[in-house]
Each structure stands twice: as structure tokens, then as C-alpha cells.
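*Asks:* Quick one, fold the following:
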Amino acid sequence: MIDPAPPGPGGLTVGRAAALVGVSVKTLHHWDGIGLVRPSGRTWAGYRVYSADDVARIHRVLVYREIGFPLAEIGRILDDPRTDAQDHLRRQREELVERIERLQRMVGSVDRMMAASKVGMRLTAEEQVEIFGDHWQPSWVEDAEEKWGESPQWAQYAERAAERTPEDWKELVATADELHDDLAAACQAGVAPGSDAANVLAERHRAMQSEYFDCTHSMHACLGRTFATDPGFRSYYDGFTPGLACWLRAVIFANAEAHGIDPETAVWE
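*Replies:* Coordinates of the predicted model:
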């Protein structure tokens, strides 16, 4: 924007002030209108002129806005005659340092997720079939990544999968097979959901899921719903014994309730 009039001595017109601090002219007009930053001078033609003190105030507003203060609160802070400028600068600096550290941690998490998504399971297709059984389809891993690849749980899975050797996977499969046999036997025996025996099995199942990603009781309840309603999962569990999928859902739900979770409203965390 080209200023329609030259600034007064030692001042900046609104367009030049806006360009200097990196905001729009509209923003400065708004801040003037609400009394947050009012230019202390005018040109001979009546246009706003911002002094060095005005520009300094704009910078303080920007810092407070960046760390999340609403404009009304910023105005009260800056206009409070009891305000200690140095104390507020220290507060601003502390807030900014905390925000930088928080953002750096977030960047680190994203980097780990990106790295993990490029690694994942290090088994060949042949090794996967040998370890997981003839029914296993290596394409399932790609299908799962396409469906859940953006989630933190997939990043956890990929990190852990990348560290596992073929022997590790064999042990994991053996543990899962033993659990599935025990679940089928309990279902056939009519073990009641909510009983001590059923809760032990529910916790073993949750621990099994946590081998891949951290599975909370709320997330476990979500999985229980899926096992009973998704045709693929239901067929998988009912393949061990008829009715296992629905029984397992009831067992997981009762265990979740025992840990303070309403399974009907549980959400994926």
C-alpha cells in the first residue's frame, strides 16, 4: 500500500508502520478503533502517524498475542499504571521460551513419526507368511498403513515393529495363539464377563494389543466394539469358536467399566 501523505517528523504512517511490524493496515485500524494501539500523531492532512513508542507498543501487543493473550487482556496489561515493564518483558520471554520448547517437542514427535513410518516391519513377505500362517496376506500391512498411517498409534507400531527380529515376531505370535486358545476355551465354558477370570483375560488381551501401541482401557473398549461389528474382525475371532467376537466384546466392556470407563461412550485416545 502507498501512503497518501508523508509522515510527520519522526513518525510512520499506518502503511509504513504495518509493513515494519508485519501486520496488515486493517489490523492497525482495528487496534486503533478498540483503543489497543492508537497512533500518537497525525499528518498535516489528518492521517495517522505512529511514533517510536507506538511501534514499541505494537511489538508488545504482538508478543502477548503470540503467546495466547486475548486483545482485551493485553490492553489491560499495557495500560495498567502499576505494570512493571521489565517484569512483563521477563514474563513474555518465559512464555516464549516455554512455547519454543513445546514446539520443539512437537517437532521431535513428528520427526519420530516420519522416521517410523518409513521403517515399520522388517520381515519379507515370505517371512511374514511363515511366521503368521498361510492365511496371512502381506498386503494387509500396507492396507493398515493407508487406513491408520497418520495416527500416533501407527507411529508406535512402526517404531516397535522396526526393532523386532523374526524370533521376536515368533514369540509374539506364540503368545497370541495361547491367548486365543484361552479366550475360546473360556467362551465355550461360559465364563461370565466381569468375573475375575474374564477380567484377567481382558487384561491379557489389552496387554497383547499394547505390544503394538499403548492401548488404554478406553481404546480397548473401542476395539471391543470393532471386533463384534466389523465383518473381518468378527469372522477372525469367531473362527476360533462361534460367538467369540461378541463374548470378547462383553468381556472387554465389563473390564473397562471396572476401570471407570463407560464402554458405550468410550473414545479413541
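*Asks:* Tell me where the stretch 1-150 of the chain has helices.
*Replies:* 14-21, 25-33, 52-66, 71-79, 85-117, 125-132, 139-148 (DSSP state H, counting those that start in this stretch).
*Asks:* now those in a markdown table, with mean pLDDT?
*Replies:* Below are the helices of the stretch 1-150 of the chain laid out as a markdown table (pLDDT from 0 to 100):
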| stretch | mean pLDDT |
| --- | --- |
| helix 14-21 | 90 |
| helix 25-33 | 93 |
| helix 52-66 | 88 |
| helix 71-79 | 86 |
| helix 85-117 | 72 |
| helix 125-132 | 70 |
| helix 139-148 | 67 |
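*Asks:* Among those, which comes closest to residue 252?
*Replies:* Among the helices of the stretch 1-150 of the chain, helix 139-148 comes nearest to residue 252, with 19.6 Å by C-beta to C-beta. Glycine gets a C-beta too; all of them are placed from N, C-alpha and C.
*Asks:* For stretch 248-261, which outside residues touch it?
*Replies:* 183, 187, 191, 193-194, 198-199, 201-203, 205-206, 217-218, 220-221, 223-225, 227-228, 237, 262-263, 266 (C-beta atoms under 8 Å, 6 or more residues apart in numbering).
*Asks:* Tell me if I'm right that residue 267 and residue 218 touch.
*Replies:* Yes - with contact defined as C-beta atoms under 8 Å, residue 267 reaches residue 218; the gap is 6.1 Å.
*Asks:* These two - which one has more neighbours?
*Replies:* residue 218 (18 against 10; other C-beta atoms under 10 Å).
*Asks:* How about the more buried one, nearest residue that isn't a chain neighbour?
*Replies:* residue 266 (4.4 Å; C-beta to C-beta, 6 or more residues apart in numbering).
*Asks:* so that neighbour sits in a strand?
*Replies:* No - going by DSSP: H, G, I helix; E, B strand; the rest coil, the assignment for residue 266 is coil, not a strand.
*Asks:* give me the number of residues near it?
*Replies:* For residue 266, using other C-beta under 10 Å, the count is 22.
*Asks:* try residue 198
*Replies:* The tally of other residues near residue 198 (other C-beta under 10 Å) stands at 22.
*Asks:* can you tell me the helix or strand for the closest residue to it other than its chain neighbours?
*Replies:* In space, and not counting its chain neighbours, residue 198 is closest to residue 251: 4.7 Å by C-beta to C-beta, 6+ apart. Applying DSSP states H and E as the criterion places residue 251 in helix 244-258.
*Asks:* buried residues in that helix?
*Replies:* Within helix 244-258, the residues that count as buried by 16 or more other C-beta atoms under 10 Å are 244-257.
*Asks:* Same question for stretch 15-25.
*Replies:* So for stretch 15-25, counting by 16+ other C-beta under 10 Å, buried means 15-18, 21, 23, 25.
*Asks:* Dump those residues to JSON lines, plus distance to residue 159.
*Replies:* JSON lines is the format used below for the buried residues of stretch 15-25 (distance: C-beta to C-beta, whole Å):
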{"residue": "15", "distance to residue 159": "51"}
{"residue": "16", "distance to residue 159": "51"}
{"residue": "17", "distance to residue 159": "49"}
{"residue": "18", "distance to residue 159": "46"}
{"residue": "21", "distance to residue 159": "43"}
{"residue": "23", "distance to residue 159": "42"}
{"residue": "25", "distance to residue 159": "49"}
